[in-house]
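Novice: Got a predicted structure here, sequence first:
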Amino acid sequence: MSSIYGKLFSVSTWGESHGEAVGVVIDGCPAGLPLTQEEIQRALDRRRPGQNSLVTPRKEADTIHILSGTFEGKTTGTPICLAAWNENQHSGDYAEMVNWYRPGHADLTYDLKYGFRDYRGGGRASARETLARVAAGAVASKILKLSCGTEILSWIESVGNVKANIDPSQVTAEAIEASPVRCPDSEASQKMAALIQEVRMAKDSVGAVLALEIRKPPVAIGEPVFEKAQAVLGGAMLTIPAVKGFEIGEGFAASTMRGSEHNDVIRFENGGYHTLTNHAGGILGGITNGETIHCRIAFKPTATIAQEQETAGCDHQNGKLIARGRHDPCVAVRAPVIVESMAALALVNLFLEQKARTFQF
Ligand SMILES: Cc1cc2nc3c(=O)[nH]c(=O)nc-3n(C[C@H](O)[C@H](O)[C@H](O)COP(=O)(O)O)c2cc1C
């Protein structure tokens with residue numbers, strides 16, 4: 001099970017949902033980066049369960065501890081180990097999952113692969129693992145912010161059929177966090193919140209699309225063939241639990257456009273190149289052109305729902321399962337910070353590769 005991501009800024013996540021703790025070891029973080037526990041905690045607080053009635057009621061403090069790799073508030077260049085102890089686990093909620101495979105979840109595929117599984121809370125397939133990505137992402141985001149002024153934002157663009165109507169370039173971090181569903185269009189946000197409550201009451205769940213906007217990305221990062229920036233970014237997004245789709249720029253809509261409409265006019269002005277439009281989404285030939293990178297990420301509805309479902313068990317019987325437990329009715333509401341973190345981890349690796357490539361004597 002590959003739990004290691006990235007070559008130059010490498011993160012290794014560890015821990016299970018109902019084990020002792022979850023965390024990450026970051027190897028390759030440059031020395032001298034100012035880093036405090038508080039700034040990592042701020043990112044984790046956005047992912048935390050129990051924030052409002054639209055997410056899982058599990059109450060986990062998710063307090064992060066820096067166990068190694070910093071001295072006097074700065075990174076030392078040695079491995080950084082970040083850990084959060086697991087609290088408030090209700091392993092009894094998963095008693096049915098010892099025998100029955102949840103439709104839509106990873107219980108069956110883990111058994112097919114390993115023949116033995118930690119069924120408590122979904123074990124390693126639980127989104128609790130993403131806590132580690134968010135902790136590491138806070139460090140990666142800081143490197144990009146300090147080196148290039150990069151700002152990475154993600155928000156909910158649609159929940160089910162309810163869509164936001166908003167100009168992405170005007171979205172701010174404050175407007176996203178002001179909404180209980182993390183949608184900066186306040187009218188759509190209210191409708192989305194109502195829809196999530198409705199599916200929760202119906203013991204069901206709903207999917208969503210997230211926008212990802214990377215402003216002032218490092219220019220000329222991304223490798224031209226197998227490590228194209230869009231491939232690395234898309235790959236990173238598709239590692240997030242429950243993600244089913246990724247689009248960049250116009251995405252699938254580009255297939256219905258004409259070249260004359262889709263091509264972005266290039267201008268040289270004020271000492272630099274820029275494009276008048278951004279249908280490409282900030283990447284051409286696998287390399288960033290400096291324009292904002294714009295992506296969309298589709299999340300499926302939560303697998304574990306409280307209504308009776310037909311399924312099969314590990315004893316080869318067919319039967320019915322009513323899953324218990326405290327689940328998110330729409331997992332995407334807690335996902336923007338996870339999307340931002342995976343984007344930061346993808347970009348920081350490409351950035352450091354480009355730094356190595358352009359090394360001058
Ligand atoms: C923030 C977040 C929270 C999640 N919470 C739940 C949950 O409460 N219940 C659940 O069944 N799945 C939840 N998931 C999704 C599962 O982890 C995921 O569907 C499962 O591991 C199977 O993987 P797959 O959907 O990528 O194939 C969550 C995902 C994210 C990103």
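Specialist: That came through fine.

Novice: chain center to stretch 130-149, what's the gap?
Specialist: 12 Å (Cα atoms, centre = their mean, to the nearest Å).

Novice: How about stretch 326-336?
Specialist: 12 Å.

Novice: how about the helices in the protein?
Specialist: 37-47, 107-114, 130-148, 173-178, 186-201, 229-238, 259-262, 336-357 (DSSP state H).

Novice: Mean confidence (pLDDT) on the last one, please.
Specialist: Throughout helix 336-357, pLDDT has a mean value of 97.

Novice: Which elements pack onto it?
Specialist: Here helix 336-357 is seen to pack against helix 37-47, helix 130-148, strand 151-159, strand 208-215, helix 229-238 when contacts are counted using 3 or more Cβ pairs under 8 Å, 6 or more residues apart in numbering; DSSP states H and E. C-beta here means a position set from N, CA and C on the backbone, and glycine is covered the same way.

Novice: just to revisit the earlier point, including mean neighbour count and distance to the ligand, could the helices of the chain go into TSV?
Specialist: Shown next, in TSV, are those (neighbours: other Cβ atoms under 10 Å; distance: least, Cβ to the nearest ligand atom, whole Å):
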stretch	mean neighbour count	distance to the ligand
helix 37-47	17	7
helix 107-114	15	8
helix 130-148	23	6
helix 173-178	15	15
helix 186-201	18	12
helix 229-238	21	9
helix 259-262	10	31
helix 336-357	24	6
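
Novice: will you turn the helices and strands packed on helix 336-357 into JSON lines that also has mean pLDDT?
Specialist: Listed next are the helices and strands packed on helix 336-357 as JSON lines, based on pLDDT from 0 to 100:
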{"stretch": "helix 37-47", "mean pLDDT": "95"}
{"stretch": "helix 130-148", "mean pLDDT": "98"}
{"stretch": "strand 151-159", "mean pLDDT": "98"}
{"stretch": "strand 208-215", "mean pLDDT": "98"}
{"stretch": "helix 229-238", "mean pLDDT": "98"}
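
Novice: what would those look like in JSON lines with distance to Asn289?
Specialist: Listed next are the helices and strands packed on helix 336-357 as JSON lines, based on distance: least, Cβ to Cβ, whole Å:
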{"stretch": "helix 37-47", "distance to Asn289": "28"}
{"stretch": "helix 130-148", "distance to Asn289": "14"}
{"stretch": "strand 151-159", "distance to Asn289": "17"}
{"stretch": "strand 208-215", "distance to Asn289": "12"}
{"stretch": "helix 229-238", "distance to Asn289": "10"}
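
Novice: Out of the ones you listed, which gets nearest to Glu198?
Specialist: Glu198 lies closest, by Cβ to Cβ, to one member of the helices and strands packed on helix 336-357: strand 151-159, at 10.7 Å.

Novice: by how many degrees do the closest one and helix 186-201 diverge?
Specialist: Angle, strand 151-159 to helix 186-201, by axes from the mean of the first three to the mean of the last three Cα atoms, to 10 degrees: 60 degrees.

Novice: buried sites along strand 151-159?
Specialist: Glu151, Ile152, Leu153, Ser154, Trp155, Ile156, Glu157, Ser158, Val159 (16 or more other Cβ atoms under 10 Å).

Novice: Ok, stretch 200-214 next?
Specialist: Arg200, Ser205, Val206, Gly207, Ala208, Val209, Leu210, Ala211, Leu212, Glu213, Ile214.
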